[in-house]
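>>> Provided below for reference: sequence and predicted model.
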Amino acid sequence: MKIYLMRHGAAVEAREGIPDPYRYLSADGRQSCREVGRLLREAEVGFGAALSSPLTRAIQTAELIADAIDYLGVIESHAGLLPGAQPQVVAADILRRADAEAVAVFGHEPTISALAAYLIGQPGFAPFRTAQVCLLEDRKPVWKIRPDALQFQDLHIP
């Protein structure tokens, strides 16, 4: 099974009238997501299921990536991807989707890196930058894309 983990793109700051759950992607955040989406499309990445944190910035990120790769399925909202959530619950839901062959997961720090660590059976995983994607295949890290570099970085562990 392939699992694409992605942290949401850069968002506007919380302020009066825009509390944290309603923070939306900034113009730079939207552009980074579009560029990462283009790179994923060029690499012929696809997925059969998508899960997202219910917060605005994560859902917007999921929608931009889904649009870039022509994913037409539903993007499911999952409270297990909220900031600070424990990874076990969402991990179980992801792994139950083996029929999807590939699942995209959109969330926040520190939840997304905690989920990566849990899925690969390690005590920790490097924090994700905004709009960063990491592929886990058969519960092993394969590559990541950082939006500042816009290139794949091999993560295979010998």
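Looks like it came in fine.
>>> Please state the offset of stretch 5-22 from the chain centre?
15 Å (C-alpha atoms, centre = their mean, to the nearest Å).
>>> For the residue nearest to the spatial centre of the chain, which residues are in contact?
Nearest residue to the geometric centre of the chain (C-alpha atoms, centre = their mean): residue 6, 1.8 Å. By C-beta atoms under 8 Å, 6 or more residues apart in numbering, the contact list for residue 6 reads 36, 61-62, 65, 104-107, 112, 128, 131-134. The way it works is simple: take the backbone N, C-alpha and C, and place the C-beta from them, glycine included.
>>> What segments of the protein are strands?
Counting by DSSP state E, the chain has strands at residues 2-7, 49-52, 75-77, 102-107, 133-137, 140-146, 151-154.
>>> Same question for the lengthiest helix in the chain: list its buried residues.
Of all segments of type helix in the chain, defined using DSSP state H, the longest is helix 27-42. Under the neighbour-count criterion of 16 or more other C-beta atoms under 10 Å, helix 27-42 has 29, 30, 31, 32, 33, 34, 35, 36, 37, 39, 40 buried.
>>> want to throw those residues into TSV with distance to residue 118 and pLDDT?
Converted to TSV, these look like this (distance: C-beta to C-beta, whole Å; pLDDT from 0 to 100):
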residue	distance to residue 118	pLDDT
29	26	97
30	29	98
31	31	97
32	26	97
33	25	98
34	30	97
35	29	97
36	23	98
37	26	97
39	26	97
40	23	97
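>>> ok, for residue 146, nearest residue in space, not its chain neighbours?
residue 132 (5.3 Å; C-beta to C-beta, 6 or more residues apart in numbering).
>>> Verify the contact between the one you found and residue 147 for me.
Yes. Contact criterion C-beta atoms under 8 Å: residue 132 and residue 147 qualify, at 6.6 Å.
>>> residues bridging contact with those two, i.e. touching both?
With C-beta under 8 Å, 6+ apart, residue 132 and residue 147 have no common neighbours.
>>> Show the low-confidence segments of the protein, by residue range.
The chain contains residues with pLDDT under 70 at 157-158.
>>> just to revisit the earlier point, check contacts around the residue nearest to residue 146.
Residue 132 touches 6, 7, 144, 145, 146, 147, counting by C-beta under 8 Å, 6+ apart.
>>> and what of residue 32?
9, 10, 130, 131, 147.
>>> for the last one, phi and psi?
When you say that, I think you mean residue 147. Backbone geometry at residue 147, expressed as degrees, to the nearest 10, gives phi -60, psi -20.
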